[in-house]
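>>> When you get a sec, could you give me coordinates for this:
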Amino acid sequence: MRRCSRTGCTELAVATLTYVYADSTAVVGPLATQAEPHSYDLCTAHAHRLTAPRGWELVRFEGEFAPPQHPCDDLTALAEAVREAGRVDRPVEPSSTTGTGRRGHLRVLPTPTEK
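This next block holds a predicted model:
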């Protein structure tokens, strides 16, 4: 599940914005299958309200933007869970270190002593 690229927006992306600099054209179409470095994912509201820079042409998909389909594959679900856990804007619960040197799922082992 990809989020809208607009700053401060947390909605799910349903469209992809791509610029064709050679033609001075901005293209808003259905959500690309993969995130590309020079394209921007947009939610429904931002996809419909987007305007092109002055002197540019805007080409917009005429139909309704459909929300992305969630695959049922277990491996994909695991990958999505890992991505969600690694999100920067996700609240982090404070962890406490116990006397056993255990913190979360990692364990601190003492340095082995020589015999």
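>>> where exactly do the strands run in the chain?
Per DSSP state E, the chain has strands spanning 15-20, 25-30, 39-42, 57-60, 102-103, 106-107. These are given in chain order.
>>> Could you list the paired strands of the fourth one along with their orientation?
The reference is to strand 57-60. strand 25-30 (parallel) (DSSP bridges).
>>> Do I have it right that residue 44 meets residue 65?
Yes: assessed by C-beta atoms under 8 Å, residue 44 is found in contact with residue 65 at 5.5 Å. For the C-beta atoms, the positions are set from N, CA and C on the backbone; glycine is no exception.
>>> what touches both of these two?
Residues touching both residue 44 and residue 65 (C-beta atoms under 8 Å, 6 or more residues apart in numbering): 14, 15.
>>> What residues does the residue lying closest to residue 2 once chain neighbours are set aside make contact with?
Nearest residue to residue 2, sequence neighbours excluded (C-beta to C-beta, 6 or more residues apart in numbering): residue 13, at 4.4 Å. Applying C-beta under 8 Å, 6+ apart to residue 13 gives the contacts 2, 3, 4, 5, 31, 41, 42, 43, 68.
>>> same deal with residue 30?
Residues near residue 30 by C-beta under 8 Å, 6+ apart: 14, 15, 16, 61, 65, 66.
>>> Of those residues, keep whichever come out buried.
Among the contacts of residue 30, the ones that count as buried by 16 or more other C-beta atoms under 10 Å are 14, 15, 16, 65.
>>> Dump these to CSV, plus distance to residue 53.
Below are the buried ones among the contacts of residue 30 laid out as CSV (distance: C-beta to C-beta, whole Å):
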residue, distance to residue 53
14, 23
15, 18
16, 18
65, 22
